[in-house]
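Trainee: Next comes the sequence, and after it the predicted model I'd like to discuss.
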Amino acid sequence: MGAMAEQVYGFFMPTTSLLGNGAVKEIGNQAKVLGGTKALIVTDIGLVKLGMVDTLKGYLEQAGLQVAVFDGVEPNPTDVNVRDCLKVWQDNSCDLLVTFGGGSSHDCGKGMAIMATSGGDIRDWAGIDTLQANLPPYISINTTAGTASEMTRFAVVTNTDTHVKMVFCDARLTADVAINDPALMVGLPPALTAATGMDALTHAIEAYVTTLLSNPITDAVALQAISLIGKWLRKAVANGADMEARDAMAYAEYLAGMAFNSAGLGIVHSMAHQPGSLLGKPHGVCNAICLPVVCEFNLMANAEKYAKVAEGLGEDISGLSVMEAAEKAVAAIRRLSKDVGIPSGLAEIGVTEKDIPIMAENALNDMCTLFNPRNVKVEDIIELYKKAL
């Protein structure tokens, strides 16, 4: 055997992760361990109206903490949104961050915490490993089985001047405690369950096929996430109160987060970020629509791994060539998307052909493009958007 080239892999995780039915009830103890005295819950108005924020507040108050709430999180949070959140943090002299919700709540809270600790404006810190200081003590609580933002070192915030999503990647953005309690996900509507589930599938597949940073650990968790989603997402969409399905999807999204947090993503995300920031379209839906189109484009770069994706999604690949097996992955993704009610194309959610040139340019410059297994030019991305329309 020839000598192996030197390669060092990073693996990034929260210090503490709590998963399973009832996990959220541990928040008071965890807050005390972190030394918090005044918590800021960063969340959205929907969770306030459902009474879920009051329940969470109760757990923290029982543990002796004072609690302030910022409930102004927007879908696809912006720099303005993050600055508004910072004002509430400072006005209440908070010392513990609690983000509660899906990816938007976690991203808004992380963005706020960047400014609270590194100073300056959120726009100063976009990029990789730019932060100047650790975040305040930070607990993230997830209510969707999708983004994995509760446990990753990433945050995404839209720049309101350029309408481009700024990506922040830094180990300091990782929560001290990440909580995934499937009981919090029971009320999620079918369409949101589907979109967030397909988001998690995109994370797992993109992290698995990237040739740059994937490693034996990320491969193992990505494959497990793919097979869990293939088995359980339809059931979670069909019956939101199916606790076994909810629990399996909570694990799947977490495993997918473990994978991409260390291995990176690809051009599905680069493409999906653009309708989100430019037109305010839902991230999970954009990912789901772009995923099979991009997989088809990428097949030749890593057919062996796409064949494994097909297997993970329940396809029988015995007797097939590697390329035939890889193609089955694309068909399986399309079938799953259709079954859970994902729109058939970007046009259906309001993206038009005239949006494509600027979106393609921005997608090419998106950080996620670095990790795509196949080299890509702006012309390729334009073609992919046209196919995804």
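Mentor: Perfect, I can see it now. Numbering: from 1, shown residues only.

Trainee: Identify the residue nearest the geometric centre of this structure.
Mentor: Geometric centre of the chain, nearest residue: T147, 2.4 Å, by CA atoms, centre = their mean.

Trainee: show me the contacts for it.
Mentor: Applying CB atoms under 8 Å, 6 or more residues apart in numbering, we find T147 in contact with G102, G103, H106, T196, D199, A200, E253, G257, H283, G284. For glycine as for every other residue, the C-beta is placed from the backbone atoms N, C-alpha and C.

Trainee: Could you measure from it over to R153?
Mentor: Note on T147: its distance to R153, by CB to CB, to the nearest Å, is 13 Å.

Trainee: now L313
Mentor: 28 Å.

Trainee: V177 too?
Mentor: Distance, V177 to R153, by CB to CB: 15 Å.

Trainee: do the same with T160
Mentor: Here the criterion is CB to CB. By it, T160 lies 24 Å from R153.

Trainee: same question, I27
Mentor: Here the criterion is CB to CB. By it, I27 lies 22 Å from R153.

Trainee: Then D54?
Mentor: Counting by CB to CB, the gap from D54 to R153 is 31 Å.

Trainee: of the two, who's got more company?
Mentor: The residue with more neighbours, out of D54 and R153, is R153; 22 against 11, by other CB atoms under 10 Å.

Trainee: Check this structure for its longest helix and report it.
Mentor: In the chain, with assignment by DSSP state H, the single longest helix is helix 216-238.

Trainee: And it, what's buried?
Mentor: 218-219, 221-234, 236-237 (16 or more other CB atoms under 10 Å).

Trainee: what do you get for stretch 153-173?
Mentor: Buried-residue list, stretch 153-173, by 16+ other CB under 10 Å: 153-159, 163-170, 172-173.

Trainee: Count the neighbours of I358 for me.
Mentor: By the criterion of other CB under 10 Å, I358 has 13 neighbours.

Trainee: cool, F371 as well?
Mentor: Using other CB under 10 Å, F371 has 22 neighbouring residues.

Trainee: Local confidence estimate at it?
Mentor: According to the prediction, F371 has pLDDT 95.

Trainee: which residues does it contact?
Mentor: E206, T210, L212, L213, A263, G264, L265, G266.

Trainee: now the helices for the chain?
Mentor: Under DSSP H, the chain gives helices at 27-33, 45-49, 52-62, 79-91, 103-118, 190-209, 216-238, 243-263, 267-279, 283-298, 303-312, 322-339, 356-364, 378-388.

Trainee: any chance of those helices in CSV, plus mean pLDDT?
Mentor: What follows is the helices of the chain, written out as CSV (pLDDT from 0 to 100):
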stretch, mean pLDDT
helix 27-33, 97
helix 45-49, 95
helix 52-62, 97
helix 79-91, 98
helix 103-118, 97
helix 190-209, 97
helix 216-238, 97
helix 243-263, 96
helix 267-279, 92
helix 283-298, 97
helix 303-312, 98
helix 322-339, 98
helix 356-364, 96
helix 378-388, 98
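
Trainee: nearest to L131, of those helices?
Mentor: Minimum separation from L131 across those (CB to CB) falls at helix 103-118, 5.1 Å.
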